[in-house]
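K.L.:
below is the sequence, then the predicted model.
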Amino acid sequence: MSAGLASSLWPTPVAVIGVGNMGLAMALRLRDAGQAVRVHDRDASRVALAVAGGALAAASPAAVASGCTLLIVAVVDAVQTGQVLFGAPDGLTATAAATAAATATATATPGAITTLAPGATVLLCPTIGPADVERISARLAARGLGCIDAPMSGGPVRARDGSMSLMVACPDALWAQHRLVLRHLAAGLCHVGTRQGDGARTKLVNNLLAAANLAAAAEAIALAQRLGLDAQQTLAVINQSSGQSWIGTDRMARALTGDFAPRAHCTLLAKDSALAMAMAAEAGVTPLLGGQAAAMFQAALAAGYAAEDDGRLLSLVQAQWGCAAPPKPPKPAAD
(Lines give C-alpha, C1' and ligand atoms only; values in the text may rest on other atoms or scores of the structure.)
Protein backbone atom coordinates (compact mmCIF):
# COMPACT_ATOMS: atom_id res chain seq x y z
CA MET A 1 0.00 0.00 0.00
CA SER A 2 1.23 3.50 -0.81
CA ALA A 3 2.27 5.21 2.43
CA GLY A 4 0.87 8.51 1.17
CA LEU A 5 -2.49 7.06 0.27
CA ALA A 6 -2.69 4.91 3.40
CA SER A 7 -2.73 8.03 5.55
CA SER A 8 -5.80 9.40 3.74
CA LEU A 9 -7.97 6.43 2.80
CA TRP A 10 -11.59 7.33 2.26
CA PRO A 11 -13.95 5.96 4.92
CA THR A 12 -16.38 5.08 2.11
CA PRO A 13 -15.60 3.45 -1.23
CA VAL A 14 -14.27 5.61 -4.02
CA ALA A 15 -16.83 5.41 -6.83
CA VAL A 16 -15.63 5.10 -10.42
CA ILE A 17 -18.07 5.57 -13.29
CA GLY A 18 -16.58 4.42 -16.57
CA VAL A 19 -14.09 1.55 -16.40
CA GLY A 20 -12.78 1.70 -19.93
CA ASN A 21 -9.05 1.66 -20.52
CA MET A 22 -8.25 4.58 -18.20
CA GLY A 23 -11.02 4.20 -15.63
CA LEU A 24 -10.25 0.54 -15.07
CA ALA A 25 -6.56 1.29 -14.63
CA MET A 26 -7.31 3.93 -11.99
CA ALA A 27 -9.79 1.70 -10.19
CA LEU A 28 -7.29 -1.15 -9.99
CA ARG A 29 -4.50 1.15 -8.87
CA LEU A 30 -6.66 2.33 -5.98
CA ARG A 31 -7.46 -1.28 -5.13
CA ASP A 32 -3.73 -2.05 -5.08
CA ALA A 33 -3.41 0.57 -2.34
CA GLY A 34 -6.13 -1.07 -0.27
CA GLN A 35 -8.85 1.46 -1.09
CA ALA A 36 -12.40 0.15 -1.35
CA VAL A 37 -13.63 0.87 -4.88
CA ARG A 38 -17.13 0.67 -6.32
CA VAL A 39 -17.57 0.74 -10.13
CA HIS A 40 -20.26 1.19 -12.75
CA ASP A 41 -20.12 0.90 -16.52
CA ARG A 42 -22.71 0.14 -19.18
CA ASP A 43 -20.33 -2.52 -20.54
CA ALA A 44 -20.66 -5.58 -18.29
CA SER A 45 -17.38 -7.04 -19.55
CA ARG A 46 -15.46 -4.00 -18.25
CA VAL A 47 -17.20 -4.24 -14.89
CA ALA A 48 -16.21 -7.92 -14.71
CA LEU A 49 -12.54 -6.96 -15.15
CA ALA A 50 -12.81 -4.48 -12.29
CA VAL A 51 -14.56 -7.00 -10.06
CA ALA A 52 -11.83 -9.55 -10.81
CA GLY A 53 -9.41 -6.96 -9.45
CA GLY A 54 -11.34 -6.57 -6.20
CA ALA A 55 -13.78 -3.77 -6.99
CA LEU A 56 -17.48 -3.93 -6.14
CA ALA A 57 -20.03 -3.60 -8.96
CA ALA A 58 -23.04 -1.28 -8.88
CA ALA A 59 -26.01 -1.38 -11.24
CA SER A 60 -26.43 2.37 -11.87
CA PRO A 61 -24.73 5.75 -11.43
CA ALA A 62 -26.90 6.44 -8.40
CA ALA A 63 -26.08 3.07 -6.85
CA VAL A 64 -22.33 3.38 -7.39
CA ALA A 65 -22.23 6.86 -5.83
CA SER A 66 -24.42 6.05 -2.82
CA GLY A 67 -22.82 7.55 0.29
CA CYS A 68 -19.44 8.08 -1.39
CA THR A 69 -17.33 11.16 -0.72
CA LEU A 70 -15.22 10.88 -3.88
CA LEU A 71 -16.57 10.05 -7.35
CA ILE A 72 -14.24 9.60 -10.32
CA VAL A 73 -15.97 10.11 -13.66
CA ALA A 74 -14.01 8.55 -16.54
CA VAL A 75 -16.56 8.38 -19.36
CA VAL A 76 -16.02 9.55 -22.93
CA ASP A 77 -17.64 12.94 -23.45
CA ALA A 78 -19.87 15.70 -22.13
CA VAL A 79 -23.08 13.91 -23.07
CA GLN A 80 -22.17 10.81 -21.06
CA THR A 81 -20.85 12.95 -18.20
CA GLY A 82 -24.13 14.79 -17.94
CA GLN A 83 -26.15 11.59 -18.04
CA VAL A 84 -24.21 9.78 -15.31
CA LEU A 85 -24.06 12.80 -13.01
CA PHE A 86 -27.47 14.37 -13.47
CA GLY A 87 -29.50 11.51 -14.87
CA ALA A 88 -31.28 10.82 -18.15
CA PRO A 89 -33.08 12.49 -19.76
CA ASP A 90 -32.03 15.46 -17.56
CA GLY A 91 -28.33 15.25 -18.49
CA LEU A 92 -26.19 18.30 -19.09
CA THR A 93 -24.79 18.55 -22.62
CA ALA A 94 -23.07 21.19 -24.70
CA THR A 95 -25.89 21.95 -27.12
CA ALA A 96 -29.62 21.55 -27.44
CA ALA A 97 -29.10 19.29 -30.46
CA ALA A 98 -26.82 17.03 -28.46
CA THR A 99 -29.37 16.93 -25.67
CA ALA A 100 -32.13 15.88 -28.04
CA ALA A 101 -29.97 13.17 -29.61
CA ALA A 102 -28.82 11.82 -26.26
CA THR A 103 -32.21 11.72 -24.65
CA ALA A 104 -34.51 10.75 -27.51
CA THR A 105 -34.81 7.19 -26.25
CA ALA A 106 -33.69 7.67 -22.67
CA THR A 107 -35.84 6.80 -19.71
CA ALA A 108 -35.82 8.77 -16.49
CA THR A 109 -32.81 7.52 -14.52
CA PRO A 110 -31.45 9.25 -11.41
CA GLY A 111 -27.88 10.48 -11.62
CA ALA A 112 -24.98 10.07 -9.25
CA ILE A 113 -25.49 13.44 -7.60
CA THR A 114 -28.73 12.23 -6.02
CA THR A 115 -26.91 9.79 -3.74
CA LEU A 116 -23.42 11.21 -3.13
CA ALA A 117 -22.56 12.05 0.45
CA PRO A 118 -23.07 15.71 1.43
CA GLY A 119 -20.02 17.77 0.48
CA ALA A 120 -18.59 15.02 -1.75
CA THR A 121 -16.16 15.75 -4.58
CA VAL A 122 -16.43 14.79 -8.25
CA LEU A 123 -13.13 14.15 -10.05
CA LEU A 124 -13.93 15.00 -13.66
CA CYS A 125 -11.49 13.08 -15.91
CA PRO A 126 -13.01 13.08 -19.44
CA THR A 127 -11.60 15.44 -22.04
CA ILE A 128 -14.51 17.80 -22.68
CA GLY A 129 -14.96 21.43 -23.62
CA PRO A 130 -14.14 24.14 -21.05
CA ALA A 131 -17.68 25.52 -21.21
CA ASP A 132 -19.06 22.09 -20.31
CA VAL A 133 -16.70 21.88 -17.33
CA GLU A 134 -17.88 25.28 -16.15
CA ARG A 135 -21.55 24.31 -16.41
CA ILE A 136 -20.99 20.97 -14.67
CA SER A 137 -19.01 22.61 -11.87
CA ALA A 138 -21.70 25.25 -11.33
CA ARG A 139 -24.42 22.64 -11.20
CA LEU A 140 -22.46 20.56 -8.70
CA ALA A 141 -21.73 23.62 -6.58
CA ALA A 142 -25.46 24.40 -6.44
CA ARG A 143 -25.88 21.08 -4.61
CA GLY A 144 -22.93 21.66 -2.29
CA LEU A 145 -20.64 19.28 -4.21
CA GLY A 146 -17.03 19.98 -5.16
CA CYS A 147 -15.61 19.60 -8.66
CA ILE A 148 -12.01 18.89 -9.64
CA ASP A 149 -11.42 19.51 -13.35
CA ALA A 150 -8.79 16.81 -14.00
CA PRO A 151 -8.43 15.48 -17.56
CA MET A 152 -5.85 12.71 -17.84
CA SER A 153 -3.07 11.88 -20.27
CA GLY A 154 -0.62 9.04 -20.79
CA GLY A 155 -2.62 5.95 -21.69
CA PRO A 156 -3.79 2.92 -19.68
CA VAL A 157 -0.35 1.44 -18.94
CA ARG A 158 0.76 4.66 -17.29
CA ALA A 159 -2.59 5.04 -15.54
CA ARG A 160 -2.14 1.56 -14.10
CA ASP A 161 1.34 2.22 -12.70
CA GLY A 162 0.55 5.77 -11.58
CA SER A 163 2.91 7.52 -13.99
CA MET A 164 0.21 9.26 -16.05
CA SER A 165 -0.55 12.98 -15.96
CA LEU A 166 -3.53 14.81 -14.49
CA MET A 167 -4.09 18.46 -15.42
CA VAL A 168 -5.93 19.76 -12.38
CA ALA A 169 -7.94 22.94 -11.96
CA CYS A 170 -9.87 23.41 -8.73
CA PRO A 171 -10.07 25.64 -5.66
CA ASP A 172 -7.06 25.47 -3.39
CA ALA A 173 -9.09 23.82 -0.63
CA LEU A 174 -10.04 20.89 -2.87
CA TRP A 175 -6.46 20.60 -4.07
CA ALA A 176 -5.22 20.34 -0.48
CA GLN A 177 -7.97 17.87 0.48
CA HIS A 178 -7.37 15.46 -2.40
CA ARG A 179 -3.71 15.96 -3.32
CA LEU A 180 -2.51 12.67 -1.83
CA VAL A 181 -4.93 10.48 -3.77
CA LEU A 182 -4.31 12.55 -6.92
CA ARG A 183 -0.58 12.03 -6.45
CA HIS A 184 -1.16 8.30 -6.07
CA LEU A 185 -3.02 8.24 -9.38
CA ALA A 186 -0.64 10.49 -11.33
CA ALA A 187 3.07 11.14 -10.96
CA GLY A 188 2.64 13.93 -13.50
CA LEU A 189 0.33 15.98 -11.32
CA CYS A 190 -0.07 19.55 -12.54
CA HIS A 191 -2.20 22.06 -10.61
CA VAL A 192 -2.76 24.46 -13.50
CA GLY A 193 -4.99 26.88 -11.60
CA THR A 194 -8.18 27.48 -9.69
CA ARG A 195 -10.44 28.48 -12.60
CA GLN A 196 -12.80 25.69 -13.58
CA GLY A 197 -12.20 24.69 -17.20
CA ASP A 198 -8.46 25.40 -17.17
CA GLY A 199 -7.73 21.69 -16.85
CA ALA A 200 -9.78 21.12 -19.99
CA ARG A 201 -8.11 24.04 -21.77
CA THR A 202 -4.66 22.68 -20.93
CA LYS A 203 -5.59 19.15 -21.99
CA LEU A 204 -7.01 20.29 -25.32
CA VAL A 205 -3.86 22.30 -26.09
CA ASN A 206 -1.81 19.19 -25.27
CA ASN A 207 -4.00 16.88 -27.32
CA LEU A 208 -3.97 19.13 -30.36
CA LEU A 209 -0.18 18.89 -30.27
CA ALA A 210 -0.39 15.12 -29.72
CA ALA A 211 -2.67 14.80 -32.76
CA ALA A 212 -0.28 16.85 -34.88
CA ASN A 213 2.73 14.84 -33.66
CA LEU A 214 1.01 11.54 -34.42
CA ALA A 215 -0.16 12.69 -37.85
CA ALA A 216 3.37 13.86 -38.69
CA ALA A 217 4.88 10.59 -37.46
CA ALA A 218 2.50 8.57 -39.64
CA GLU A 219 3.43 10.64 -42.68
CA ALA A 220 7.16 10.35 -41.92
CA ILE A 221 7.06 6.55 -41.62
CA ALA A 222 4.89 6.21 -44.73
CA LEU A 223 7.31 8.46 -46.60
CA ALA A 224 10.22 6.27 -45.49
CA GLN A 225 8.40 3.24 -46.90
CA ARG A 226 7.63 5.07 -50.12
CA LEU A 227 11.33 5.83 -50.49
CA GLY A 228 12.26 2.19 -50.01
CA LEU A 229 13.72 2.63 -46.53
CA ASP A 230 13.32 0.08 -43.77
CA ALA A 231 10.54 1.55 -41.63
CA GLN A 232 11.67 -0.09 -38.40
CA GLN A 233 15.20 1.17 -38.86
CA THR A 234 13.93 4.63 -39.74
CA LEU A 235 11.82 4.72 -36.58
CA ALA A 236 14.86 3.66 -34.54
CA VAL A 237 16.83 6.57 -36.01
CA ILE A 238 13.97 9.02 -35.32
CA ASN A 239 13.81 7.81 -31.72
CA GLN A 240 17.40 8.95 -31.24
CA SER A 241 17.04 12.18 -33.18
CA SER A 242 15.23 15.50 -33.25
CA GLY A 243 12.05 14.13 -34.86
CA GLN A 244 11.18 11.96 -31.87
CA SER A 245 7.89 12.39 -29.99
CA TRP A 246 6.46 10.12 -27.32
CA ILE A 247 3.19 9.52 -29.13
CA GLY A 248 4.92 8.96 -32.47
CA THR A 249 7.28 6.40 -30.97
CA ASP A 250 4.56 4.60 -29.03
CA ARG A 251 2.03 4.36 -31.87
CA MET A 252 4.36 3.74 -34.81
CA ALA A 253 6.22 0.96 -32.99
CA ARG A 254 2.96 -0.96 -32.63
CA ALA A 255 1.58 -0.04 -36.03
CA LEU A 256 4.63 -1.42 -37.80
CA THR A 257 3.98 -4.81 -36.21
CA GLY A 258 0.30 -4.71 -37.22
CA ASP A 259 -0.86 -4.25 -33.62
CA PHE A 260 -3.94 -2.03 -33.74
CA ALA A 261 -5.64 -3.28 -30.56
CA PRO A 262 -7.07 -0.06 -29.14
CA ARG A 263 -5.17 1.50 -26.29
CA ALA A 264 -6.56 4.85 -27.43
CA HIS A 265 -9.35 4.68 -30.02
CA CYS A 266 -9.18 6.91 -33.08
CA THR A 267 -12.44 8.46 -31.91
CA LEU A 268 -10.74 10.01 -28.88
CA LEU A 269 -8.17 12.19 -30.65
CA ALA A 270 -10.73 12.89 -33.36
CA LYS A 271 -13.04 14.26 -30.64
CA ASP A 272 -10.31 16.07 -28.78
CA SER A 273 -8.73 17.72 -31.82
CA ALA A 274 -12.18 18.92 -32.93
CA LEU A 275 -12.83 20.33 -29.44
CA ALA A 276 -9.42 22.03 -29.50
CA MET A 277 -10.11 23.62 -32.88
CA ALA A 278 -13.49 24.88 -31.63
CA MET A 279 -11.79 26.31 -28.54
CA ALA A 280 -9.20 28.02 -30.74
CA ALA A 281 -11.93 29.48 -32.94
CA GLU A 282 -13.61 30.95 -29.86
CA ALA A 283 -10.26 32.55 -29.04
CA GLY A 284 -10.12 34.02 -32.55
CA VAL A 285 -7.32 31.90 -34.01
CA THR A 286 -7.06 28.99 -36.47
CA PRO A 287 -4.12 26.61 -35.87
CA LEU A 288 -3.05 25.44 -39.33
CA LEU A 289 -1.18 22.27 -38.37
CA GLY A 290 -3.79 21.45 -35.75
CA GLY A 291 -6.53 21.79 -38.32
CA GLN A 292 -4.74 19.46 -40.72
CA ALA A 293 -4.25 16.88 -37.96
CA ALA A 294 -7.91 17.13 -36.98
CA ALA A 295 -8.87 16.56 -40.62
CA MET A 296 -6.67 13.44 -40.75
CA PHE A 297 -8.45 12.00 -37.74
CA GLN A 298 -11.83 12.65 -39.31
CA ALA A 299 -10.56 10.85 -42.43
CA ALA A 300 -9.51 7.91 -40.25
CA LEU A 301 -13.05 7.69 -38.86
CA ALA A 302 -14.46 7.80 -42.38
CA ALA A 303 -12.09 4.98 -43.35
CA GLY A 304 -13.62 2.74 -40.68
CA TYR A 305 -10.89 2.99 -38.05
CA ALA A 306 -13.00 4.58 -35.29
CA ALA A 307 -12.84 1.64 -32.88
CA GLU A 308 -9.17 0.84 -33.55
CA ASP A 309 -5.99 2.27 -32.11
CA ASP A 310 -5.09 5.74 -33.30
CA GLY A 311 -1.89 4.28 -34.71
CA ARG A 312 -4.18 3.49 -37.66
CA LEU A 313 -3.23 6.90 -38.99
CA LEU A 314 -0.26 5.07 -40.52
CA SER A 315 -2.64 2.76 -42.40
CA LEU A 316 -4.56 5.79 -43.62
CA VAL A 317 -1.48 7.45 -45.08
CA GLN A 318 -0.13 4.17 -46.47
CA ALA A 319 -3.38 3.64 -48.35
CA GLN A 320 -3.39 7.22 -49.67
CA TRP A 321 0.20 7.00 -50.85
CA GLY A 322 0.16 3.41 -52.05
CA CYS A 323 2.90 2.28 -49.71
CA ALA A 324 1.25 -0.34 -47.50
CA ALA A 325 4.50 -2.29 -47.82
CA PRO A 326 7.93 -0.91 -48.64
CA PRO A 327 8.82 -1.36 -52.30
CA LYS A 328 11.34 -4.10 -52.97
CA PRO A 329 14.76 -2.94 -54.17
CA PRO A 330 15.53 -3.79 -57.81
CA LYS A 331 17.41 -7.00 -58.46
CA PRO A 332 21.03 -6.51 -59.46
CA ALA A 333 21.61 -6.73 -63.19
CA ALA A 334 23.02 -10.01 -64.44
CA ASP A 335 26.68 -9.97 -65.45
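P.N.:
Cool, got the structure.
K.L.:
show the end-to-end separation of stretch 275-294, please.
P.N.:
Chord length of stretch 275-294, first to last residue, is 10 Å (Cα to Cα, to the nearest Å).
K.L.:
ugh, wrong one, I meant stretch 274-293
P.N.:
End-to-end distance (Cα to Cα), stretch 274-293: 10 Å.
K.L.:
tell me which residues in that stretch are buried?
P.N.:
274-277, 279-280, 287, 290-291, 293 (16 or more other Cβ atoms under 10 Å). Where C-beta positions appear, they are placed from N, C-alpha and C, glycine not excepted.
K.L.:
could you do stretch 294-305 as well?
P.N.:
For stretch 294-305, the neighbour count (16+ other Cβ under 10 Å) marks 294, 296-297, 300-301, 303, 305 as buried.
K.L.:
what's it in contact with?
P.N.:
Contact with stretch 294-305 is made by 208, 211, 215, 218, 266-267, 269-270, 273-274, 276-277, 306, 310, 312-313, 315-316, 319, as judged by Cβ atoms under 8 Å, 6 or more residues apart in numbering.
K.L.:
now, those residues that are in helices?
P.N.:
Among these, the ones falling in helices (DSSP state H) are 208, 211, 215, 218, 266-267, 269-270, 273-274, 276-277, 313, 315-316, 319.
K.L.:
just to revisit the earlier point, can I get the buried residues of stretch 274-293 in a markdown table with pLDDT?
P.N.:
Output for the buried residues of stretch 274-293, formatted as a markdown table (pLDDT from 0 to 100):
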| residue | pLDDT |
| --- | --- |
| 274 | 97 |
| 275 | 97 |
| 276 | 97 |
| 277 | 98 |
| 279 | 97 |
| 280 | 98 |
| 287 | 98 |
| 290 | 97 |
| 291 | 98 |
| 293 | 98 |
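K.L.:
would you check which pair of those lies furthest apart?
P.N.:
279 and 293 (14.6 Å; Cβ to Cβ).
K.L.:
where in the stretch 51-200 of the chain is pLDDT low?
P.N.:
89-108 (pLDDT under 70).
K.L.:
ok, now with 90
P.N.:
88-109, 154-155 (pLDDT under 90).
K.L.:
likewise the stretch 201-335 of the chain?
P.N.:
For the stretch 201-335 of the chain (pLDDT under 90), the answer is 263-264, 323-335.
K.L.:
let's see 80
P.N.:
Within the stretch 201-335 of the chain, the stretches with pLDDT under 80 are 324-335.
K.L.:
what segments of it are strands?
P.N.:
For the stretch 201-335 of the chain, strands defined by DSSP state E, counting those that start in this stretch do not occur.
K.L.:
related to what we said a few turns ago, between the ones in helices among the contacts of stretch 294-305, which is closest to residue 57?
P.N.:
The nearest member of these to residue 57, counting by Cβ to Cβ, is residue 267 at 25.7 Å.
K.L.:
near the closest one, how many other residues are there?
P.N.:
19 (other Cβ atoms under 10 Å).
K.L.:
check contacts around it.
P.N.:
Taking Cβ under 8 Å, 6+ apart, we find residue 267 in contact with 76, 301, 306-307.
K.L.:
change it to 6 Å
P.N.:
residue 306 (Cβ atoms under 6 Å, 6 or more residues apart in numbering).
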